[in-house]
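K.L.:
could you work out the structure for the sequence below:
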Amino acid sequence: MKKLWTLIASTMLVASVAFAQDDFDPEYTDQAEEQVAEQAEEQAEEQPAEQEQVAEPVEEKANVAEEPAPAPAPAPQYQASAQEPAQENVQNDEYAPANANNTPFFGFGLKFAFNYGRMFGFKEDLDNDSDIDGTPSGIGFDGGLMFRIQMIPNLYFTPEVNIAHITTEHEFMHHKRKYVSTDLELPLLMRGVIANRFYVTGGAQFNFTLSSKAKIDAVENATLDITVASNEKVEQATFGFGIVAGAGVNIVAGLFFDFRFYMGITELYPDVKTLDDLEFATGDYSLIDMSGARMMKIKVGLSYWII
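P.N.:
So this is what the prediction gives:
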């Protein structure tokens, strides 16, 4: 019996050793390694393809993220509404400081005015002379160019070049006398701006006479029944000087309503004599004493700045 169990155990031991050798057969091991390598290569080929498929949507998302989001619609409307009042102020505020509305340092424009003129300052009291009906007065006009140079904010030097024409008249012994003159006026003014809408101005004015003539009606002599033409010669001085003050208001962009006062300082007829003072039968003379006569004007008009 003991021999039988020994035989069975030996047989099982031999079978186990044989089975173990079969499991560790080198050929079998090489085949297993080749299968593992092939599976690894297949997995390596499949992984890049999967990575590319995963990367594509990421790039698309990145492109979508880079595109800027559209601006909200209300923003432009708010900006436009904020800019419109500023633009209107720039157009109306012609004289606003340069740093506020980009007013040019230099500018020029056109002006035109009607004026009422009256002579004053006669050494002889014409109002109390029964033969003389009032002092010479009348209506005229002027127009020309004006220039603007900024000195400091709200203060400008504004010289002008104007042609002025005026006719003044009165009567002497019921005969009409007209004094007609055309002058070149050169006002040299300083202009200050108030509240970007109003201005005040003042300065000196030089006048150069271009033409001057006195139109005096002929004198009728009822006793002799004749009409005697006047041979008086009354000519204005070639140069005059006066002072100017005025104000104005902005109507629309660049357009102003102007008011101005001029008072002459120099005499209008310094060389005209009376018959009592005339030493010879030649020269300028007048039956009315014109000594001391000066001109005063009140002007109302419009001016427009082109620049």
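
K.L.:
roughly how far does residue 233 sit from residue 284?
P.N.:
When distance is defined by CB to CB, to the nearest Å, residue 233 is 5 Å away from residue 284. Backbone N, C-alpha and C define where each C-beta goes, glycine included.

K.L.:
hey, what's in contact with both of those two?
P.N.:
residue 272 (CB atoms under 8 Å, 6 or more residues apart in numbering).

K.L.:
after the lowest-mean-pLDDT helix or strand in the chain comes which helix or strand?
P.N.:
Least confident helix or strand, the chain: helix 98-101 with a mean of 42, by mean pLDDT, DSSP states H and E. Next helix or strand after helix 98-101 toward the C-terminus (DSSP states H and E): strand 106-120.

K.L.:
can you give me the helices for the stretch 51-200 of the chain?
P.N.:
Secondary structure of the stretch 51-200 of the chain by DSSP state H, counting those that start in this stretch: the helices cover 74-92, 98-101.

K.L.:
confidence-wise, which of the ones you listed is weakest overall?
P.N.:
Across the helices of the stretch 51-200 of the chain, helix 98-101 has the smallest mean pLDDT, namely a mean of 42.

K.L.:
who does residue 208 bridge with?
P.N.:
Beta bridges link residue 208 to residue 184, residue 239 when assigned by DSSP bridges.

K.L.:
check contacts around it.
P.N.:
Residue 208 neighbours (CB under 8 Å, 6+ apart): 183, 184, 186, 238, 239, 240.

K.L.:
ok, those vs residue 154, which is closest?
P.N.:
Within the contacts of residue 208, proximity to residue 154 (CB to CB) peaks at residue 186, which comes in at 24.3 Å.

K.L.:
doesn't residue 206 make contact with the closest one?
P.N.:
Yes. Using CB atoms under 8 Å, residue 186 is in contact with residue 206, at 4.5 Å.

K.L.:
what sits up against the helix or strand harbouring residue 299?
P.N.:
Under the criterion of DSSP H and E, residue 299 resides in strand 294-305. For strand 294-305, the surrounding residues in contact (CB under 8 Å, 6+ apart) are 94, 107-121, 140, 142, 146, 148, 166, 240, 242, 246, 248, 254-268.
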